[in-house]
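**Q** The following block contains a protein sequence and its predicted model.
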Amino acid sequence: MAGLTINNILSQKHSLFDFGGAWRATFGTPSEVGVWTIQGRSGSGKTTFALMLAKYLQGLGERVIFWSIEQCGDYGFQAAVRRAGLDSRGIKFYGNEPEAFDEVLNDMERTRGHYDVLIVDTLTALHYNRVRGFLQRDFNALAKRLQNRLIVFVCHEKEGSGGQIETPAGDYIKQQANVKITVVGFTAYANARAGFVNGGGEPFVINAELADRYNLENL
C-alpha cells in the first residue's frame, strides 16, 4: 500500500460547521463529521447542553437524532426539551426500545433523507441496554459505519476518578474523539484533538444562574 505525501494530506477537503457567537468562541469551526464526547458528573448540565447543541445544529440545517436511552419521557427530560426550544422539524427522538439501535442506524445511513448528527445520551445507558454491552469493537464498527456523520456521546464520569468515563470503552472513545467537552457546574469546557480552527477554547455557559450558584458554592 502506497503512503500519503504532505500534498495528499493537505489537499483533503473538510466540511466545517459555520459556528458563530459563543459557539465559535468555544468550538471554533469544527468538522461536520467525527466523534464528540460530553462528560461530567450527574446533575452537571450534560443533557441540557446536549439539547442546546442539538438546537444549534438544527439552526445550521443539520438533521439530528437524539437517542435518550436513559431519560426519554420522564418529567425532567420533558422540561429540558421545552427549555431548549427545539424545532420539531429535522429532529427525531428515540428511547430505550429494544429495536432502537437498528432503527437509529437505518435513519442515519439511508441514502435519501438521512440524519446528520447522532447524540447518544448516555454511553453508560447504551452499554447496559445491550446484552453484550457496548465495547471498543462496537464503537469502532459504529464509527466506521457512520464515518460521514457526527456522533456525540454523553458520558458519565466515574466518581472520584479524576475524569475517567464509565463503561469499559469509555476512555477509548474519549481518546478517539475529535472534540472532548467537560461539563462542570453548568459550564462546558472544550478541547479539540488536533486543536481549534478559527477561534475556540473559551468556556461555554449553559445556564448563567446555575453556573453562578455553583461557583459561589464552590469558592
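**A** Received the coordinates, thanks.

**Q** just the helices in this structure please.
**A** 6-11, 21-27, 46-59, 75-84, 100-109, 123-129, 136-145, 170-176, 208-217 (DSSP state H).

**Q** Just tell me which of those ends up closest to residue 92.
**A** helix 100-109 (6.6 Å; CB to CB). From N, CA and C alone the C-beta is placed, and that goes for glycine too.

**Q** Which secondary structure elements does that closest one sit against?
**A** strand 64-68, strand 91-94 (3 or more CB pairs under 8 Å, 6 or more residues apart in numbering; DSSP states H and E).

**Q** on that earlier part again, with mean neighbour count and mean pLDDT as new columns, can the helices of the chain be given to me in CSV?
**A** Formatted as CSV, the helices of the chain follow (neighbours: other CB atoms under 10 Å; pLDDT from 0 to 100):
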stretch, mean neighbour count, mean pLDDT
helix 6-11, 8, 59
helix 21-27, 18, 98
helix 46-59, 22, 97
helix 75-84, 14, 90
helix 100-109, 15, 97
helix 123-129, 20, 95
helix 136-145, 14, 97
helix 170-176, 19, 96
helix 208-217, 13, 95
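
**Q** Switch those over to CSV; also include distance to residue 189.
**A** Below are those laid out as CSV (distance: least, CB to CB, whole Å):
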stretch, distance to residue 189
helix 6-11, 29
helix 21-27, 8
helix 46-59, 11
helix 75-84, 20
helix 100-109, 28
helix 123-129, 19
helix 136-145, 23
helix 170-176, 14
helix 208-217, 12
